[in-house]
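Visitor: how would this look folded up:
(one chain, ligands or ions: 1)
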Amino acid sequence: MLCGGQLYFNHHFISIIVMKKFTVLFAVAVALMLGSCQSSSQKSDATVETTDSVKTTLVAYFSASEVRATERVAKNLAKAVDADLFEIVPELAYTTEDLDWNDKQSRSTIEMKDSTARPGIANKVENMAQYNTIYVGFPIWWYTAPRIINTFLEQYDLTGKTIIPFATSGGSDMGKSGEDLKKASAPNANWILPGKVLNGNPPVDSLKVWVETLK
Ligand SMILES: Cc1cc2nc3c(=O)[nH]c(=O)nc-3n(C[C@H](O)[C@H](O)[C@H](O)COP(=O)(O)O)c2cc1C
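Guide: Got it, this is the predicted structure:
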């Protein structure tokens, strides 16, 4: 039989144990909550990092006519693939006369007749090493790429980089433009050929569909 003191003692003792258990449970719960907060804040930090991170895809383009057809496509493509955009700017701008394909003496005709012509470029991609995929855009000239694209490719070490050509034209397809560029100016790159003529200023969503077909 338990006397009053023992009863009080046992009751008190049980209360202490129950309280201790609660304290432990509470501590565990707090620790778990802190842990999940921390990992979710780590997660959100990582997301911010990814969003702000350095881009590994470049869209480089040359556009010469007043319409700037290739530039329009390049801008949408950069959005579609989340890429940096680089305009290949000629040292000497092409005038309307320079672009006259009916004139045998025009600058473009002379350059395109000479496969070794390498028109100068005024600007440079300073951080080429950061890119592993490069979309290269140009207007089709005489069924191939303008020689300034050869100049561009030959300025960098593109070994192992993935290069995807695209173009605009008056109706011609890519022809051998990609193969010509690969052979002459960047044989060590990983070319995805033939690339594509993207006429009619395709919207970002349809460019995304094209890019998916490359994978
Ligand atoms: C010198 C020259 C040659 C061209 N040769 C072709 C050609 O062989 N086939 C074709 O379909 N379009 C040809 N074009 C038309 C351009 O490819 C077309 O207008 C292109 O969309 C222009 O792009 P841009 O506005 O970015 O310069 C030629 C244009 C020029 C200036």
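Visitor: isn't Trp142 up against Met112?
Guide: Yes. The pair Trp142 and Met112 passes the contact test of Cβ atoms under 8 Å, sitting 4.4 Å apart. Heads up, the C-betas are built off the backbone N, CA and C, glycines and all.
Visitor: settle it for me: which of the two has more neighbours?
Guide: In this view Trp142 and Met112 are compared by other Cβ atoms under 10 Å, and Met112 has more residues nearby, 18 against 14.
Visitor: dump the residue contacts of that one.
Guide: For Met112, the contacting residues are 141-142, 144, 146-147, taking Cβ atoms under 8 Å, 6 or more residues apart in numbering as the criterion.
Visitor: filter those down to the ones close to the ligand.
Guide: Among these, the residues within reach of the ligand (Cβ under 6 Å from any ligand atom) are 141-142.
Visitor: may I ask which of the contacts of Met112 has the most neighbours?
Guide: Ranked by the number of neighbours (other Cβ under 10 Å), the contacts of Met112 place Pro146 first, at 26 neighbours.
Visitor: tell me the pLDDT of that one.
Guide: The score at Pro146 is 98. That number is its pLDDT.
Visitor: same thing with the one 10 residues further on?
Guide: If you check Tyr156, the pLDDT there is 98.
Visitor: go on, the one 5 residues further on?
Guide: According to the predicted model, the pLDDT of Lys161 comes to 98.
Visitor: list the contacts of the residue nearest to it when sequence neighbours are not counted.
Guide: Leaving aside its sequence neighbours, Lys161 sits nearest to Ala189 (Cβ to Cβ, 6 or more residues apart in numbering; 5.2 Å). For Ala189, the contacting residues are 153, 158-163, 182, by Cβ under 8 Å, 6+ apart.
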